[in-house]
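> I'd like to go over a predicted model; first the sequence, then the structure.
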Amino acid sequence: MNENETTKQNQEAVKPATKTETNSKNNKNKRPYRQHGQENSNKRKVPTTGFGWENDLIKAFDKNEQIQKNRLDPNTRINLKSNSKVRITPLGGLGEIGGNMMIIETDKSAVIIDVGMSFPDDTMHGVDILIPDFSYLRTIRHKVSGILITHGHEDHIGAMPYLFKEMQFPIYGTSLPLEMIGSKFDEHRIREHKSYFRAIEKRKPIKIGDFEVEWMHITHSIVDCSALAIKCDAGTIIHTGDFKIDHTPIDNYPTDFHRLAYYGEKGILALLSDSTNSHSAGFTKSEKTVGPTFDRIFNNAKGRVLMSTFSSNIHRVSQAIEHGIKYGRKVCVIGRSMEKNLDIAMRLGYVKFPKDIFIDAHHVKKYRDNEILIVTTGSQGEPMSALFRMSIHEHRHIKIKPEDQIILSARAIPGNEAGVSQIINHLQKAGATVAYQDYTDIHVSGHAGQEEQKLMIRICKPKFFLPIHGEYNHALKHGKTGVSCGVEERNVYVMSDGEQIEITPKSLKKVKSVKTGKVYIDNQKNNKIANDVVIDRQTMANDGMVVIVAQISQDERKLVSPAKIMTFGLASGKAQGFLIKELEEVLAHYLDNVKPGILQNNKAVEDELRTVIRKHCVRKLQKYPMIVPTLIVQ
């Protein structure tokens, strides 16, 4: 065979197929399109093409597609044959900001996660803090094995003294939150209860009742925060606590993704995750982004620098102190909670500063203004805070000067906006320069944005997802994020305080509601305030009060002498005089028509008179005042 014939045969061997032949071949081998995650119950037969390498590619694709499904399907890592169940009951922290408290229990054992406080609104007159209602806890106290603390913020530990005055259980947590709780026990004179402290080691599971619990490091706006892995017969529950994912934290201890991923691969029954910033797109900025802003402000400051933030934000305080040292300033820490928290953090070794840089408030005058940094409380405009008293010139040692540079390195908590605005006005009236909203990086949140929430869900790959912490709209939005990250919609449940949720490897359902609510606390006396007292205060504030003092003749059913009637918060001037005259007539008319014999019962007379007077005030003034009758029947 010559060279030309050989070339011709080779060309025919590789000659392209005709259009008809190509379509026929493609139709024969065409694979139906399957979306990722779509179930295919019929095992597809691998077509024979005549090329071994193409068959291998198809087989590898099928195997990899199955691997992808398996790794994303939590059911492949959960024991679906188990009939065990676990119940979750939030007593605070859902549908609100703060007051976090949750109970996780089996038939024989229970653990409490955090015991936090929250703040009252403007209608709760004379109330300093709110704590959860412990009614349900009293019914199961016999099986509570311990309290698990995620971190040291007030909305997670603030109610501990009030619980321990009534019930005591072992408290498990890391050093900083336990020391902060211990400080509260000292203030409440129950320091003997520190014997219940159990300091834990992170990454080391410990047995607590029916549960095996592991603390995992997580980043937030306070030092030494933890997420919890809680294992029981039903499966593993991950409770994130408050968190954000800061890859460059001040202490260089980022979130422990490795342990979270470890549990994600082992199989997670339910994820309970922080929802506070669920409406914030993207990522929350790192705490380190505040540093350059501080540097610019310190560099331009000609007089004293006063920095105010949350007293628990040790890393923010430490950044301010580092810049104070950099620019040759002495540091004065003012505010009881600020002093206490910084002292605890330094004593335990979370932050380290030479002691000679600190000075007392009464020594500030010994230094030039450009040599002073004051770190203080009051970023939320609290009327009794150190910064507020400085701004109105009522602080014993420090008064605001026109040359002062104020840094408010905190965002107003919802409901505190008016207080923050007020303190800024006072500071500016005193002539100081206030850095607050005009610097974008003067404060960063401690809570995860949407992308961090997605990352947490993807790492954990839970079967059930329960958004926690924050208002209802935050949790609802977080639930939708969970669905977008692969959690089945029927496996997402937005809880409310008092709802008890029962979870098994196969199902999630609400089983009942328990008594929940808030208990009012007067923090000056560390005493509870009865609900009716707060209601009376609200009534007096909103609708006023009528006081009636009268002496009545039982036989004649008339006044022995003119009644003394006083009104408060209803009318003034001539209008008040007219109102009192009308009430005197109402009283006389009531006595003329009172039922025979009722005057023999003082309480019955007072109750009827309250009703009569209140009806007149509603008809005349559209008010429901408090009626205080004092009747003497002769």
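It's in.

> all helices of the stretch 201-350 of the chain, in order?
257-266, 290-300, 314-326, 336-348 (DSSP state H, counting those that start in this stretch).

> most tightly packed of these?
helix 314-326 (a mean of 22; mean count of other CB atoms under 10 Å). (C-beta placed from N, C-alpha, C; glycine too.)

> which residues does that helix contact?
Around helix 314-326, the neighbours that count as contacts under CB atoms under 8 Å, 6 or more residues apart in numbering are 221-223, 249-251, 287, 290-291, 294-295, 298, 305, 307, 309-311, 330-331, 338, 341-342, 345, 350-351, 353, 357, 373, 375, 407, 409.

> just the buried ones from those?
With burial judged by 16 or more other CB atoms under 10 Å, the buried subset of the contacts of helix 314-326 is 221-223, 249-250, 287, 290-291, 294, 298, 305, 307, 309-311, 330-331, 338, 341-342, 345, 350-351, 353, 373, 375, 407, 409.

> looking at these, which are in strands?
305, 307, 330-331, 373, 375, 407 (DSSP state E).

> nearest to residue 186, of these?
Nearest to residue 186, judged by CB to CB, of these is residue 375 at 22.7 Å.

> wait, what's in contact with residue 617?
546, 570, 623-625 are the contacts of residue 617 under CB under 8 Å, 6+ apart.

> name the nearest of these relative to residue 212.
residue 624 (55.2 Å).

> follow-up on the earlier one: which ones among the contacts of residue 617 lie within strands?
residue 546.

> residue 610 is in contact with residue 590, correct?
No. Contact criterion CB atoms under 8 Å: residue 590 and residue 610 do not qualify, at 10.9 Å.

> if we can go back for a sec, want to throw the ones in strands among the buried ones among the contacts of helix 314-326 into CSV with distance to residue 465 and pLDDT?
Shown next, in CSV, are those (distance: CB to CB, whole Å; pLDDT from 0 to 100):
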residue, distance to residue 465, pLDDT
305, 45, 97
307, 39, 96
330, 50, 97
331, 45, 97
373, 45, 97
375, 40, 97
407, 39, 96
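
> quick one: the helices in the stretch 501-634 of the chain?
531-543, 573-592, 602-621.

> so which of these gets nearest residue 202?
helix 531-543 (40.9 Å).

> helices or strands next to that closest one in the packing?
strand 518-522, strand 626-633 (3 or more CB pairs under 8 Å, 6 or more residues apart in numbering; DSSP states H and E).

> which neighbouring elements make contact with the last one?
Read it as strand 626-633. helix 531-543, strand 545-553, helix 602-621.

> most tightly surrounded among those?
When the helices and strands packed on strand 626-633 are scored by mean count of other CB under 10 Å, the highest mean neighbour count falls to strand 545-553 (a mean of 18).

> I'd like the mean pLDDT over it, please.
Average pLDDT, strand 545-553: 89.

> with just CA atoms, put that strand into PDB.
In PDB, the C-alpha atoms belonging to strand 545-553 read as follows (Å, rounded to 0.1, in the frame of the first residue of the first chain):
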ATOM      1  CA  MET A 545     -55.400  60.400  90.400                       C
ATOM      2  CA  VAL A 546     -58.500  61.400  92.400                       C
ATOM      3  CA  VAL A 547     -58.300  61.400  96.200                       C
ATOM      4  CA  ILE A 548     -61.600  61.600  98.200                       C
ATOM      5  CA  VAL A 549     -61.800  62.000 102.000                       C
ATOM      6  CA  ALA A 550     -65.300  62.000 103.300                       C
ATOM      7  CA  GLN A 551     -67.200  61.500 106.600                       C
ATOM      8  CA  ILE A 552     -70.700  59.900 106.000                       C
ATOM      9  CA  SER A 553     -73.700  59.600 108.300                       C
END
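
> measure how that strand sits relative to helix 531-543, angle-wise.
Using axes from the mean of the first three to the mean of the last three CA atoms, to 10 degrees, the direction of strand 545-553 lies 100 degrees away from that of helix 531-543.

> give me the angle between strand 545-553 and strand 626-633.
Using the same axes, to 10 degrees, strand 545-553 lies at 10 degrees relative to strand 626-633.

> include distance to residue 271 when you put the helices and strands packed on strand 626-633 into JSON lines, please.
JSON lines is the format used below for the helices and strands packed on strand 626-633 (distance: least, CB to CB, whole Å):
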{"stretch": "helix 531-543", "distance to residue 271": "36"}
{"stretch": "strand 545-553", "distance to residue 271": "52"}
{"stretch": "helix 602-621", "distance to residue 271": "52"}
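
> residues in contact with the residue lying closest to residue 494 once chain neighbours are set aside?
Leaving aside its sequence neighbours, residue 494 sits nearest to residue 475 (CB to CB, 6 or more residues apart in numbering; 4.8 Å). With contact set as CB under 8 Å, 6+ apart, residue 475 has these partners: 94-95, 275, 278, 467-469, 494-495.

> and the most centrally placed residue in the chain, what pLDDT?
Compute the mean C-alpha point of the chain, and by CA atoms, centre = their mean the closest residue is residue 98, 4.0 Å away. Confidence at residue 98, expressed as pLDDT, is 90.

> and the nearest residue to residue 404 once chain neighbours are set aside, how many neighbours?
Closest residue to residue 404 apart from its sequence neighbours, by CB to CB, 6+ apart: residue 432 at 4.2 Å. Using other CB atoms under 10 Å, residue 432 has 21 other residues around it.

> all set, thanks.
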